[in-house]
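Visitor: Need the 3D shape of this:
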Amino acid sequence: MRPPRPSWRSPAVVLAAAYAAGAVPFSNMAARRTRGVDLRGVGTGTVSGTALYRVAGFGPLAVAGVCDVAKGSVGPLLAGRDRPVLAAISGGLAVVGHNWSPFLGGAGGRGVSPAMGALAPHQPAGAAFLLADLAMVPLLARLGRRRGGLAGAAVVVPMVVKRLLGNARPAAPGPGVYLWRLLLDRDGPASDAGA
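Guide: Numbering: from 1, shown residues only. Got it, this is the predicted structure:
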């Protein structure tokens, strides 16, 4: 008989910890600490590693990048290998917290780094192929069967939604704007995005 799990590994705690960890805006914290800049007010307004690099350079990017990847792994590690659904959902919640951080008034990054961290503990092939976004879900479904596909979908869905919604409403919404966001991962043309 398996011993009972400690209360700190209960599903509610795992999910809350995953979301809270994902919501910590390390890139924005690094930009504020090193340059006194809020990334929401520069370039495209995304709180991302790219924006941090443009403002503060490689050193702060490296530190924040490691933290952004690590925060994605909190929930899946707490969930453990024996609870793949909980691990997948907690990984997805880390990406959601990163993309729509309550610490940034609902703004955030695109979710690539925490998604890598969310996949690394139990679906490392997904972390390696993450940049292919949608191709990752069928790849993980083939390599990791149902639990692999679930883990991939849990992190890809909030990433795609964030790409489509961006951080601000478009000045002139329409299919072209959302296609621009989906394909180029930018809120809009440079003139619309403030870049």
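
Visitor: Please make it C-alpha for all contacts and neighbour counts, starting now.
Guide: Fine.

Visitor: Could you report the neighbour count for Arg145?
Guide: Look at Arg145: counted by other C-alpha atoms under 10 Å, it has 12 neighbours.

Visitor: pLDDT weak spots in the chain?
Guide: Low-confidence regions of the chain, defined by pLDDT under 70, span residues 128-139, 179-180, 182-195.

Visitor: Roughly how far does Leu165 sit from Ala70?
Guide: When distances are taken as C-alpha to C-alpha, to the nearest Å, Leu165 and Ala70 turn out to be 25 Å apart.

Visitor: So which of these two has more stuff around it?
Guide: A count of neighbours by other C-alpha under 10 Å puts Ala70 above the other of Leu165 and Ala70, at 19 against 16.

Visitor: Could you pull up the contacting residues of the residue most central in space within the chain?
Guide: Most central in the chain under C-alpha atoms, centre = their mean is Gly111, positioned 2.2 Å from the mean C-alpha point. Contacts for Gly111 were tallied using C-alpha atoms under 8 Å, 6 or more residues apart in numbering; they are Val95, Val96, His98, Asn99, Pro158, Met159.

Visitor: so which of those would you say is closest to Leu119?
Guide: The closest of these to Leu119 turns out to be Val95 (C-alpha to C-alpha; 10.9 Å).

Visitor: Please identify the helix or strand for that closest one.
Guide: Counting by DSSP states H and E, the element that carries Val95 is helix 84-99.

Visitor: in that helix, what counts as buried?
Guide: The neighbour-count criterion (16 or more other C-alpha atoms under 10 Å) identifies 84-99 as the buried residues of helix 84-99.

Visitor: Give me the three-state assignment for the nearest residue to Leu140 once chain neighbours are set aside.
Guide: The shortest distance from Leu140 to any non-neighbouring residue, by C-alpha to C-alpha, 6 or more residues apart in numbering, is to Gly148 (4.6 Å). Secondary structure of Gly148, reduced to three states by DSSP: H, G, I helix; E, B strand; the rest coil: helix.

Visitor: Number the residues from 41 up from this point.
Guide: Let's use 41 as the start, then, which means that last one is Gly188.

Visitor: tally of neighbours for Gly188?
Guide: Other residues within reach of Gly188 by the criterion other C-alpha under 10 Å amount to 27.

Visitor: For it, which residues are in contact?
Guide: The neighbourhood of Gly188, defined by C-alpha under 8 Å, 6+ apart, consists of Gln163, Val177, Leu180, Ala181, Arg182.

Visitor: wait, which of those residues is closest to Ala194?
Guide: Distances from the contacts of Gly188 to Ala194 were compared by C-alpha to C-alpha; the smallest belongs to Val177, at 9.2 Å.

Visitor: mind checking how far the residue nearest to Leu180 is from Gln163?
Guide: Here Gly188 is placed at a distance of 6 Å from Gln163 (C-alpha to C-alpha).
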